[in-house]
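Student: Show me how the following folds:
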Amino acid sequence: MSNSDPNNRHRHGSWPPPTDDKPMPPSSWAKKTGFKPKFSGETNASDSGQINRLPPKVREVEPLQVDLEAGRVRPPPNGVAQSDNVAVTVPVVKDQTVKKRRDSDGVPSTNGQVNSAPGTGTVAGTEQVPRTVRREEVVDGLVVDDEGFASRHAHMKYELRDSPGLVPISVYGIQHYISMLGSLVLIPLVIVPAMGGSHEETAKVVSTVLLVSGLTTLLHISFGSRLPLIQGPSFVYLAPALAIINSPELQALNGNKFKHIMRELQGAIIIGSAFQALLGYTGLMSLLVRLINPVVVSPTIAAVGLSFFSYGFPLVGTCLEIGAVQILVVIVFSLYLRKISVLGHRIFLIYAIPLGLAITWAYAFLLTEAGFYNYKGCDVNIPASNMLSEHCKKHYSRMKHCRVDTSHALKSSPWFSFPYPLQWGTPVFHWKMALVMCVVSLISSVDSVGSYHASSLLVASRPPTPGVLSRGIGMEGLSSVLAGLWGTGTGSTTLTENVHTIAVTKMGSRWAVQLGAFFLILLSLIGKVGGFIASIPEVMVAGLLCFMWAMLTAWGLSNLRYSEAGSSRNIIIVGLSLFFSLSVPAYFQQYGISPNSNVSVPSYFQPYIVASHGPFHSKYAGLNYVLNTLCSLHMVIAFLVAVILDNTVPGSRQERGVYVWSEPEVARREPAVANDYQLPWRVGRIFKWVKWVGL
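Tutor: Here you go, the predicted model:
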């Protein structure tokens, strides 16, 4: 694709080509290491950013399409490629309103649509073109023409720079966010009650999360990696936030402690996020990324999901007839009904979580209205400690967790609300909590590295350069600073679930995600929306989180597909990382609560309240807190074990699955790659002198 003049291209005659027409010497990492397609989806990606020629074919092969869900190859629905002397029937694969994007040859690309020449016969749904048009076939999910150039992804409806029009973009953008509803709003429903916040404060935090997520997503797509990735409250920040919330000095506070704890969290998040921004914009991330490979990313992200096993089903068990139904409905939708399509959309797979929530909520409402949880002489609004009847104390837990009318968040929420920075007060800074968040921001960056790579293979012509990656991490740090200033309770980072959503919805257009972000900002200004979300029963939140944490574990392990997953080296490293990520924190957490503390917390918060009481006992109390807390976090242990072993145990690049990034020099020469990742509105000129955060 480096030859931008279409008139100077080689004219094709007979097939196979003459022997003197040698293919371009591939400079890809896959060629250098002998990488085989069965181990990875990166067979068409090169570390230089160039697009490799495929070896000459012995005979014509009919173009095939891959059904990713069914796992088999199926013939094209609208046309069949024929021999050289017969016209090629090209399927129309995209909406006619899609704007033309220019590929790296500088020629307008119609994304699979070819206008027929005058006098050419046209059949309904197909268009006949002469044989001079380059033939395309599907190889490993990429559309590859007869010159061996990978041009686009066969399974995506819209790619990174495609613009299908305002109406389709609006529909796909809203769909994108609704499918990720759980990732956006469930974390506030966990941390705010843990801080002692009321239903009204929970609703306000939810509205704040929606606003900050919309703003930071716009910033990241415009000035960060430029990939269609949603920024929001990540589960990476949940465990350290709970550890800080349950610190003895904070739990011992009297009265309304919510605002004080929130200010402590804000201070820690701001310092940790500033460190992440420094990591990105100074170019240090482009150096550290050499140590981060799929064998490191996989157990680290998987440990994030596994770390909440003590919270999930124990809380579901408080009202099993609702919590278990919630889990089963989501499983049935996402697995057994995933192939059911309505108007071309697999609604049960895409909307498994919101549909499961709606159905289970309606079911719980009917049980409540039918009087299943009415106990004579008992009032759920009276705390259990003030109840005189043993009969009421016995059934208090079921009334609290099973009834849907215990929350008054929707009634008390205003119709209009505007979350603003420092709405909870001035942040409080403590170095020991800030140091914990600095380490967590590094783990968050590791998560984002895997997301950047996986999403770029889906929607872009090439993976980003190390400079673009550093720029994205730096923007994530600034986004988390905004989250700390607004007071969301967690940092803002790329949501891992986003990659799965792109693959399922087949929508990779950044315009759709940006328009959806505006929709999210609009919802944040409607106070009733936050109140409605805050009124979701706690047991249903736990049921949804059981499913999402399980999926987060699986998404983390799925990064192993870029390496040799069957390698004994990788099996041992991943196994040790996962086992010690569970076992080492259990060792630190067995030391229990300090003798002078009389704090009582639910059993599912017990691992976090004992996090700061480990075996480290030096004369520096702050250092003890940092070491004991970090060693009780599952993802930190998984990351340390994996990064040390993967970078010290010998292994080939193919075996390790080293991530492939585009080289800056080649990216600047390739218009398609430059247009994918260059900053808009000539902003890139400002950073032109900063080589390590650009193309």
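Student: Could you list the low-pLDDT ranges of this structure?
Tutor: Scanning the chain for pLDDT under 70 picks out 1-155, 377, 379-388, 391, 592-601, 688.
Student: how about the closest residue to residue 351 other than its chain neighbours, what does it touch?
Tutor: Distances taken as CB to CB, 6 or more residues apart in numbering place residue 179 nearest to residue 351, at 6.0 Å, with adjacent residues excluded. All C-beta atoms are positioned from the backbone trio N, CA, C, and that covers glycine. Applying CB atoms under 8 Å, 6 or more residues apart in numbering, we find residue 179 in contact with 350-351, 353-354, 501, 504-505.
Student: out of the residues you listed, who has the most neighbours?
Tutor: In terms of neighbour count, residue 353 stands highest of these at 25 neighbours, by other CB atoms under 10 Å.
Student: in stretch 356-372, what counts as buried?
Tutor: For stretch 356-372, burial by neighbour count (16 or more other CB atoms under 10 Å) applies to 356-357, 360-361, 363-364, 367-368.
Student: and the residues you listed as CSV, adding distance to residue 461 and secondary structure?
Tutor: CSV is the format used below for these (distance: CB to CB, whole Å; DSSP: H, G, I helix; E, B strand; the rest coil):
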residue, distance to residue 461, secondary structure
356, 36, helix
357, 37, helix
360, 42, helix
361, 43, helix
363, 47, helix
364, 48, helix
367, 53, helix
368, 53, helix
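Student: Nearest to residue 189, out of these: which one, please.
Tutor: Nearest to residue 189, judged by CB to CB, of the buried residues of stretch 356-372 is residue 357 at 11.7 Å.
Student: Break down the chain into its strands, ranges please.
Tutor: Under the criterion DSSP state E, strands of the chain are mapped to 65-67, 72-74, 88-91, 101-102, 108-109, 126-129, 136-139, 142-145, 150-153, 231-233, 492-494.
Student: residue closest to the middle of this protein?
Tutor: Most central in the chain under CA atoms, centre = their mean is residue 496, positioned 2.0 Å from the mean C-alpha point.
Student: That residue contacts residue 554, doesn't it?
Tutor: No - using CB atoms under 8 Å, residue 496 is not in contact with residue 554, being 10.6 Å away.
Student: show me what contacts the nearest residue to residue 410 once chain neighbours are set aside?
Tutor: Once flanking residues are discounted, residue 410 sits nearest to residue 531: 4.3 Å by CB to CB, 6+ apart. Shown in contact with residue 531 (CB under 8 Å, 6+ apart): 199-200, 203, 409-413.
Student: got the contact list for residue 616?
Tutor: 623-624, 627-628, 631.
Student: Can you give me the distance of residue 480 to residue 306?
Tutor: Separation of residue 480 from residue 306 (CB to CB, to the nearest Å): 24 Å.
Student: and these two? which has more neighbours close in?
Tutor: Per other CB under 10 Å, whichever of residue 480 and residue 306 has more neighbours is residue 480, with 32 against 20.
Student: Isn't residue 538 up against residue 322?
Tutor: No - between residue 538 and residue 322 there is no contact under CB under 8 Å: 10.4 Å.
Student: neighbour-wise, which of these two wins?
Tutor: Using other CB under 10 Å as the criterion, residue 538 and residue 322 rank with residue 322 on top: 23 against 20.
Student: how close does that one sit to residue 367?
Tutor: From residue 322 to residue 367 the distance is 7 Å (CB to CB).
Student: same question, residue 307
Tutor: Distance, residue 307 to residue 367, using CB to CB: 32 Å.
Student: What of residue 567?
Tutor: From residue 567 to residue 367 the distance is 51 Å (CB to CB).
Student: cool, and residue 643?
Tutor: Noted for residue 643: a distance of 49 Å to residue 367, by CB to CB.
Student: same question, residue 479
Tutor: Distance from residue 479 to residue 367, counting by CB to CB: 41 Å.
Student: same thing with residue 390?
Tutor: Distance from residue 390 to residue 367, counting by CB to CB: 24 Å.
Student: again with residue 220
Tutor: Taken as CB to CB, the span from residue 220 to residue 367 is 42 Å.
Student: on that earlier part again, most neighbours among the contacts of residue 531, please name it.
Tutor: Highest neighbour count within these, by other CB under 10 Å: residue 203, with 29 neighbours.
Student: these two touch, right, that residue and residue 411?
Tutor: No - taking contacts as CB under 8 Å, residue 203 lies outside contact range of residue 411: 10.5 Å.
Student: Now stretch 672-686: buried residues?
Tutor: So for stretch 672-686, counting by 16+ other CB under 10 Å, buried means 672-679.
Student: right, I mislabeled it, should have said stretch 516-523
Tutor: Of all the residues in stretch 516-523, those buried under the rule 16+ other CB under 10 Å are 516-517, 519-521, 523.
Student: how about these in CSV, adding distance to residue 472?
Tutor: Formatted as CSV, the buried residues of stretch 516-523 follow (distance: CB to CB, whole Å):
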residue, distance to residue 472
516, 19
517, 16
519, 23
520, 20
521, 21
523, 26
